[in-house]
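1. structure, please.
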Amino acid sequence: MIRLLLSSALMTCALAIAPSNAEETGVAVFAGGCFWCVESDFDHVKGVTETTSGYIGGKADNPTYKSHVANGDREAVEIKYDPAVVTYAQLLKTFFRTVNPTDDGGQFCDRGHSYTTAVYTLNDEQADQAEAAKAEAEKLLGKNVVTAIEPPARFWPAEDYHQDFYTKSPVRYNYYRRACGRDNEVKSLWGEEANFGLAK
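-> Sure thing, here's the model as predicted:
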């Protein structure tokens, strides 16, 4: 009996000092134009564990693909990641180098507010890092970077058919991405820095 009690006490102590799983998962929210493309890009970043396409920043709850433009939402992607493998600062670097952060009218062939770039920060630390990454991008490009650094906002997952669209409808996705000129414009703007952090 004493041995069982000691064993139980030791297990309780071990559980008490074990790190919380919640602290082991980081979350980032980026708006970078078409969420199909942003989701695809970050699914190819080592350390990213989950991506979800959705809407953010609008004036009413429960936006949909049909309503999000009028509602004032941006298309965005919520990214969950392992901070032991990739840092928030590294994700920011990848984000800026996979978009055109100097375009205030949208992204590539997609125009309008819903396609403009933004970083939705979840706390002061993320906000500081986002501002630093924006300043670095502006210095490297020698151009005004217009990406908005936004405070926390509720993220609304998009409809199921938008999730992992690049794997569900690869022909349609690849045609759209080429026709929209995303990759060519990113390479033209960023040169060797383009697509930093993406697995080849």
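
2. for the strand or helix carrying Tyr175, packing partners?
-> Tyr175 is part of helix 170-180 when elements are defined by DSSP states H and E. Helices and strands touching helix 170-180, by 3 or more Cβ pairs under 8 Å, 6 or more residues apart in numbering; DSSP states H and E, are helix 35-42, helix 165-168. The C-beta positions use only the backbone N, C-alpha and C, and glycine is treated the same way.

3. shaky segments in this structure?
-> 1-23, 200 (pLDDT under 70).

4. all strands of it, in order?
-> 26-32, 48-56, 74-81, 106-107, 110-111, 117-120, 148-150, 155-157 (DSSP state E).

5. TSV for those, including mean neighbour count and distance to Arg182?
-> Output for the strands of the chain, formatted as TSV (neighbours: other Cβ atoms under 10 Å; distance: least, Cβ to Cβ, whole Å):
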stretch	mean neighbour count	distance to Arg182
strand 26-32	24	10
strand 48-56	21	16
strand 74-81	24	13
strand 106-107	22	7
strand 110-111	15	9
strand 117-120	24	13
strand 148-150	17	20
strand 155-157	17	23
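
6. center of this protein, which residue is that?
-> With distances taken as Cα atoms, centre = their mean, Phe30 lies nearest the centre of the chain, 3.7 Å away.
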